[in-house]
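Asks: Predicted model and sequence below, questions to follow.
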Amino acid sequence: MAGRKTGADSAKIEPLRPPRPCPICGKPSDRKAYPFCSARCADIDLNRWLKGSYAIPVVEEDGGTTPDDGID
């Protein structure tokens with residue numbers, strides 16, 4: 001069949017994304033665990049998300065109107 005790659009041609013697959021360092025440890029990333037270098041670093045990142053370590057800080061302003069102010 002024309003257009004199908006076989007054997008040595010299929011081994012020359014170019015990655016879609018450029019290689020980047022692991023955001024946890026800095027080692028080169030692995031294709032199986034991208035963008036991490038291993039399943040261990042992926043689990044560390046998941047644990048940080050679940051604990052709330054990646055929370056975005058919020059500054060609340062006082063003096064704003066709320067629906068309970070009695071203003072109609």
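Replies: Yep, it's here. Fair warning: this is a prediction, and the values are worked out from it, not measured in the lab.
Asks: contacts for stretch 42-52?
Replies: 23-24, 33, 36, 54 (CB atoms under 8 Å, 6 or more residues apart in numbering). Yep, even glycine has a C-beta here, placed from its N, CA and C like the rest.
Asks: let's see 7 Å
Replies: 24, 33, 36, 54 (CB atoms under 7 Å, 6 or more residues apart in numbering).
Asks: These, buried ones only, as a PyMOL selection?
Replies: Listed next is the PyMOL selection for buried residues among these, using 16 or more other CB atoms under 10 Å:
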select buried, resi 24+36
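Asks: Columns distance to Arg17 and secondary structure on top of the contacts of stretch 42-52, output as TSV?
Replies: Shown next, in TSV, are the contacts of stretch 42-52 (distance: CB to CB, whole Å; DSSP: H, G, I helix; E, B strand; the rest coil):
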residue	distance to Arg17	secondary structure
Ile24	17	coil
Ala33	13	coil
Phe36	13	coil
Tyr54	22	coil
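Asks: Identify the farthest-apart pair in the contacts of stretch 42-52.
Replies: With CB to CB as the measure, no two of the contacts of stretch 42-52 lie farther apart than Ala33 and Tyr54, at 18.5 Å.
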